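>>> below is the sequence, then the predicted model.
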Amino acid sequence: MTTTLEALLGLRSTPVAISFLPSPPAGVAHVASAEPAGCGYWRRAAAGEVFYTESGDHLGCPVGAHTHGVPMDAAKAKELEQLIGVMVGLEYLSMDEIPKIPTRRGAFGVVVYAPLGKSPVAPDVVLVRGDVRQLMLLTEAAQSANLGSGAPTMGRPTCAVLPDAINSDRTSSSFGCIGNRVYTGASDNEGYFAIPGDQLSKLEARLAIVARANVELEKFHRARLPVV
């Protein structure tokens, strides 16, 4: 099933529907094997899998567990502290940035991942992976629909784009951090755009207008180029 987002943007990667629920929905299987990082589940859902994860499935990456609000025991909390120490030591992260990293609110139950067109439940957030042109169209549509956050595009950690969109009920974008590129296979020219699930229809309506306008504007601008 081709979704509206795929049709309007010509996406090569299927948008992913992500839902945070208290318990697993009927008919949805638990993920067959845990990923080393939560963003690895994005890759699997985009490839067609429908599944749910539990808190233990997110402990491979302490940073991702932190952004998702996954409870951690003392050992995992220590691992997160050590990883942050390494990042700070590399001057990749500063201590004053840590409290500003978006984190999901509320108790953690399960997460359902699915291709957008096959989601068994309403998504809390829809994640789009696309190239710069596709992300430009999404950004223009979000601004036009008054759904843009006004915040700069994120870098690390990429997984923070999910709670940022959910908590604000506005779109959020990320260039994709190096860990995400390793675990998802995202190419160097791809980034992410997160859409709150309850705002998807509104954004799609504006995206249809923006995409059509860009086609016509490209013709206009090309016609102004000097003939060589």
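Arrived safely, thanks for sending. Residues are numbered from 1 along each chain as shown.

>>> which stretches of this protein form helices?
For the chain, helices defined by DSSP state H occupy the ranges 4-9, 40-46, 62-68, 74-89, 132-144, 161-168, 178-184, 200-223.

>>> tell me the centre residue of the protein?
Averaging the C-alpha coordinates of the chain gives a centre point, and the residue nearest to it by CA atoms, centre = their mean is residue 127 (4.1 Å).

>>> so that one is in contact with residue 41, correct?
No - in this structure, residue 127 sits apart from residue 41 without contact. The criterion is CB atoms under 8 Å, and the distance is 10.4 Å. (Glycine included, C-beta is placed from N, CA and C.)

>>> name the nearest residue to residue 188, ignoring sequence neighbours.
If the residues on either side of it in the chain are set aside, residue 188 comes closest to residue 181, at 7.7 Å by CB to CB, 6 or more residues apart in numbering.

>>> which pLDDT value goes with the one you found?
What the model reports for residue 181 is a pLDDT of 94.

>>> please apply the same query to residue 93.
According to the model's per-residue confidence, residue 93 sits at a pLDDT of 69.

>>> now swap in residue 74 and tell me
81.

>>> least confident secondary structure element in this structure?
Ranked by mean pLDDT, DSSP states H and E, the weakest helix or strand in the chain is helix 74-89, scoring a mean of 76.

>>> how far does stretch 212-222 sit from the chain's center?
Taking the mean C-alpha point of stretch 212-222 and that of its whole chain, the gap between them comes to 29 Å (CA atoms, centre = their mean, to the nearest Å).

>>> pull the residues that contact it.
Residues from elsewhere that reach stretch 212-222, judged by CB atoms under 8 Å, 6 or more residues apart in numbering: 137, 140.

>>> run through the bridge partners of residue 128.
Using DSSP bridges, the beta-bridge partners of residue 128 come out as residue 193.

>>> if I look at it, how far off is residue 30?
According to CB to CB, to the nearest Å, residue 128 and residue 30 sit 26 Å apart.

>>> the more surrounded of these two?
residue 128 (25 against 11; other CB atoms under 10 Å).

>>> correct me if wrong: that one contacts residue 193.
Yes - counting by CB under 8 Å, residue 193 is a contact partner of residue 128 at 4.5 Å.

>>> fine by me, thanks again.
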